[in-house]
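A.B. asks: Just to be clear, the model below is a prediction. Sequence and coordinates:
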Amino acid sequence: MASNKARVLVVDDDRDVLFAVKLLLKTEVQEVVTERNPENLLSVLSRQTFDVIFLDMNFKSNLGTGNEGLYWLSRILERDKDATVIMITAHGEISTAVRSLKAGATDFIVKPWHNEKFLETLHAALQHKATKTNLPPNAPKRPASFADMAMLGNSEPMQELFHTIEKVAPTEANVLLLGENGTGKELAAKALHQRSFRANKPFITADLAAMSEGIFESELFGHKKGSFTDAKDDRVGRFAAASTGTLFLDEIGNISLPQQAKLLTALQNRQVIPLGSNTPIPIDIRLISATNVPIYELAAKNQFRKDLIYRINTVEITLPPLRDRGDDVVMLAQHFAGLYAARNHKPRPEFDPATLKKLLQHRWPGNIRELQHAVERAVILAEGQVLRPQDFTFSAMETPRPAGGHFLPDFADGPLQLNEIEKNTILRVIERHHGNITKAAKELGLTRTALYRRLDKHDL
Ligand SMILES: Nc1ncnc2c1ncn2[C@@H]1O[C@H](COP(=O)(O)OP(=O)(O)OP(=O)(O)O)[C@@H](O)[C@H]1O
């Protein structure tokens, strides 16, 4: 809807905020009503309807929960479940703001804001409201929030990612997701689908790396009974299964040139021909592809078709590696610790500050998947309720285990430091005993205390 027709309510107990918003929106919208006391909110709403409500997250009221905004949000949505509410939040309250999205808020804005950002948020909310009103009757009311989908991230690159997903999802653009292993490409693909107009339709994944030449066509395009020896029945391919919905082609960078040619033909013609059939099947899919290989380098070496890249990358989204996500490492580690503790019937562990430092310093080559496994292992093996640095060993990810599992120093690498040999030996042995310090100490001929002293010495 046009903003100059909009009626906006702002509820905040800070006079300065109300004054600033009123001034800003005066020429922007049809009417701005301000209210300092949230207790008056429901009576204001019973007198008048608003297109957008800006609601403060924290009132200095006697509720004293720190979550007054959430309470008033629920009261607003009880009255009108389709109300468009934007939470006004302060830095440091972002996690509560994310909870408010889960609870039904449309968006949030962080104080102090730039005026352009405020207006952008307002316009996006009005747009969202207009789209929602025009949705077909079976369209999803409100997609699951990123947090609902367990796609977490407070860091700037993740906030940017969420913003891009929100923007691209409701279009028909083919999306190419790039990023290292374990950065969340599949989760991002699902988020794009869930926020699209195809959300009620199938989301079908095809892991292309797992498809040999022999089954590629039959898996993707389907086959007719008897078209090859093992074809005992007709089979619907993944393209047809995804019809009207989204097809997620994972590991697209790993397919051979002949497979690329077949894929390109299907995408260009917007139809597939099942093996053993002469009848093409028209396809109506939204395509999302993902790869962790440097696809442009492959194209430069003629190992990947450029024309196929152009077909699949209308929009390209790169997922940031975990090491670039700052304190998200800590937030995710705590999230996974809670999850795995509950799953393994253990109390939620605390993190020693030295452990957090170690986690922040690690490069996480396997990204979130590596963090998940590291936390799971630490939760299972830790002996107390506090996760200590030695509960996390990273050697398995960083250095491949030599054949036979025994550590043999590689003298070809140049002169060896005794310290390094000791450190590596300790890591190998701990790894061999899956993190069990008692068994590792026994094999090394040390007491547990002596082993811990060495772990500290090597900052492990
Ligand atoms: N932002 C996130 N918050 C919480 N968990 C996440 C996030 N991103 C990814 N994960 C989790 O990390 C694991 C790896 O994610 P996912 O499979 O989506 O990564 P990927 O990039 O597709 O990996 P690969 O390249 O190996 O296929 C999954 O268990 C997923 O749930």
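C.D. replies: Everything's here; your move. Remember, it's a predicted structure, so these values are computed and weren't measured experimentally. Numbering: from 1, shown residues only.

A.B. asks: Tell me who's in contact with Ala219.
C.D. replies: Rather than Ala, residue 219 is Glu. Applying CB atoms under 8 Å, 6 or more residues apart in numbering to Glu219 gives the contacts Ala206, Met211, Gly237, Arg238. Glycine gets a C-beta too; all of them are placed from N, C-alpha and C.

A.B. asks: and the gap between the last one and Leu208?
C.D. replies: According to CB to CB, to the nearest Å, Arg238 and Leu208 sit 10 Å apart.

A.B. asks: now whichever residue of the stretch 151-300 of the chain sits closest to the ligand, nearest residue through space, not along the chain?
C.D. replies: Distances between the stretch 151-300 of the chain and the ligand by CB to the nearest ligand atom are smallest at Gly184, namely 2.7 Å. Leaving aside its chain neighbours, Gly184 sits nearest to Leu319 (5.5 Å; criterion: CB to CB, 6 or more residues apart in numbering).

A.B. asks: Now Ser74. Nearest residue, chain neighbours left out?
C.D. replies: Excluding the flanking residues, the one nearest Ser74 by CB to CB, 6+ apart is Ala103, at 6.5 Å.

A.B. asks: Same question for Ala124.
C.D. replies: With CB to CB, 6+ apart as the criterion, Ala124 has its nearest non-adjacent residue at 6.7 Å, and that residue is Asp107.

A.B. asks: helix or strand for Leu176, which one?
C.D. replies: Using DSSP states H and E, Leu176 falls within strand 175-178.

A.B. asks: which ones are touching Glu443?
C.D. replies: Neighbouring residues of Glu443 by CB under 8 Å, 6+ apart: Val429, Arg432, His433.

A.B. asks: what about 7 Å?
C.D. replies: Taking CB atoms under 7 Å, 6 or more residues apart in numbering, we find Glu443 in contact with Val429.

A.B. asks: helices or strands next to the helix or strand containing Val8 in the packing?
C.D. replies: For Val8, the host element (DSSP H and E) is strand 7-11. Contacts defined by 3 or more CB pairs under 7 Å, 6 or more residues apart in numbering; DSSP states H and E place strand 7-11 against helix 15-25, strand 31-35, strand 52-56.

A.B. asks: For the ligand, find the nearest of these.
C.D. replies: Proximity to the ligand (CB to the nearest ligand atom) singles out strand 52-56 among the helices and strands packed on strand 7-11, at 26.9 Å.

A.B. asks: what angle separates the strand holding Val8 from strand 52-56?
C.D. replies: In terms of direction (axes from the mean of the first three to the mean of the last three CA atoms, to 10 degrees), strand 7-11 departs from strand 52-56 by 10 degrees.

A.B. asks: from the middle of its chain, how far away would strand 7-11 be?
C.D. replies: Per CA atoms, centre = their mean, to the nearest Å, the displacement of strand 7-11 from the mean C-alpha position of its chain is 32 Å.

A.B. asks: The protein against the ligand: which residues are in contact?
C.D. replies: Within reach of the ligand by CB under 6 Å from any ligand atom, the chain has these residues: 150-153, 179, 181-187, 292, 332, 368-369, 372.

A.B. asks: Grab the most central residue of the protein for me.
C.D. replies: Geometric centre of the chain, nearest residue: Met151, 3.5 Å, by CA atoms, centre = their mean.

A.B. asks: Verify the contact between it and Gly184 for me.
C.D. replies: Yes - at 6.5 Å, Met151 counts as touching Gly184 under the criterion of CB atoms under 7 Å.

A.B. asks: Mind checking which of the residues of the chain next to the ligand are buried?
C.D. replies: The neighbour-count test (16 or more other CB atoms under 10 Å) marks 151-153, 179, 182-187, 292, 332, 368, 372 as buried among those.

A.B. asks: Between strand 52-56 and the longest helix seen in the chain, find me the angle.
C.D. replies: With secondary structure taken from DSSP state H, the chain has its longest helix at helix 115-133. In terms of direction (the same axes, to 10 degrees), helix 115-133 departs from strand 52-56 by 130 degrees.

A.B. asks: and the angle from the helix or strand just after helix 115-133 to helix 115-133?
C.D. replies: Per DSSP H and E, the first helix or strand lying C-terminal to helix 115-133 is helix 156-168. On the basis of the same axes, to 10 degrees, helix 156-168 is oriented at 40 degrees to helix 115-133.

A.B. asks: in helix 156-168, what's buried?
C.D. replies: Pro157, Met158, Leu161, Phe162, Thr164, Ile165, Glu166, Val168.

A.B. asks: circling back: what's the strand holding Leu176 in contact with?
C.D. replies: The contact list for strand 175-178, computed with CB under 7 Å, 6+ apart, reads 168, 185, 188-189, 192, 288-291, 312-313, 315-319.

A.B. asks: State the pair within these that is farthest apart.
C.D. replies: Pairwise distances across the contacts of strand 175-178 (CB to CB) peak at 17.5 Å, for the pair Val168 and Thr291.

A.B. asks: neighbours around Glu422, how many?
C.D. replies: Neighbours of Glu422 under the rule other CB atoms under 10 Å: 14.

A.B. asks: wait, Val293
C.D. replies: For Val293, the number of neighbouring residues by other CB under 10 Å comes to 15.

A.B. asks: Give the closest residue to the closest residue to the ligand within the stretch 301-450 of the chain in space, chain neighbours not counted.
C.D. replies: Nearest residue of the stretch 301-450 of the chain to the ligand: Ile368, at 3.7 Å (CB to the nearest ligand atom). Using CB to CB, 6+ apart and skipping the chain neighbours, the partner closest in space to Ile368 is Gly182 (5.3 Å).

A.B. asks: If we go by neighbour counts, what in the helix or strand harbouring Leu101 is buried?
C.D. replies: Using DSSP H and E, Leu101 maps to helix 94-102. Judged by neighbour count (16+ other CB under 10 Å), helix 94-102 contains these buried residues: Thr96, Ala97, Val98, Arg99, Ser100, Leu101.

A.B. asks: Kindly report the same for stretch 267-278.
C.D. replies: Buried residues in stretch 267-278, counted by 16+ other CB under 10 Å: Leu267, Val272, Ile273, Pro274.

A.B. asks: Mean confidence (pLDDT) on it, please.
C.D. replies: Stretch 267-278 carries an average pLDDT of 92.

A.B. asks: Need the distance between the two termini of that stretch.
C.D. replies: One end of stretch 267-278 sits 18 Å from the other (CA to CA, to the nearest Å).

A.B. asks: ditto for stretch 265-284
C.D. replies: End-to-end distance of stretch 265-284: 15 Å, with CA to CA as the criterion.

A.B. asks: By mean pLDDT, flag the weakest helix or strand of the protein.
C.D. replies: Scoring the helices and strands of the chain by mean pLDDT, DSSP states H and E places helix 395-398 at the bottom, with a mean of 48.

A.B. asks: Only C-alpha atoms, please: export stretch 85-100 in CSV.
C.D. replies: Extracted as CSV, the C-alpha positions of stretch 85-100 are listed here (Å, rounded to 0.1, in the frame of the first residue of the first chain):
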residue,chain,number,x,y,z
VAL,A,85,3.8,-4.9,14.4
ILE,A,86,7.4,-3.6,14.3
MET,A,87,9.3,-3.9,17.6
ILE,A,88,11.5,-1.0,18.7
THR,A,89,14.5,-2.5,20.3
ALA,A,90,17.9,-1.5,21.8
HIS,A,91,21.2,-3.0,21.1
GLY,A,92,21.8,-6.0,23.3
GLU,A,93,18.1,-7.0,23.1
ILE,A,94,18.4,-8.6,19.7
SER,A,95,17.8,-12.1,20.9
THR,A,96,14.5,-10.9,22.5
ALA,A,97,13.7,-9.1,19.2
VAL,A,98,14.2,-12.4,17.4
ARG,A,99,11.9,-14.0,19.8
SER,A,100,9.3,-11.4,19.0
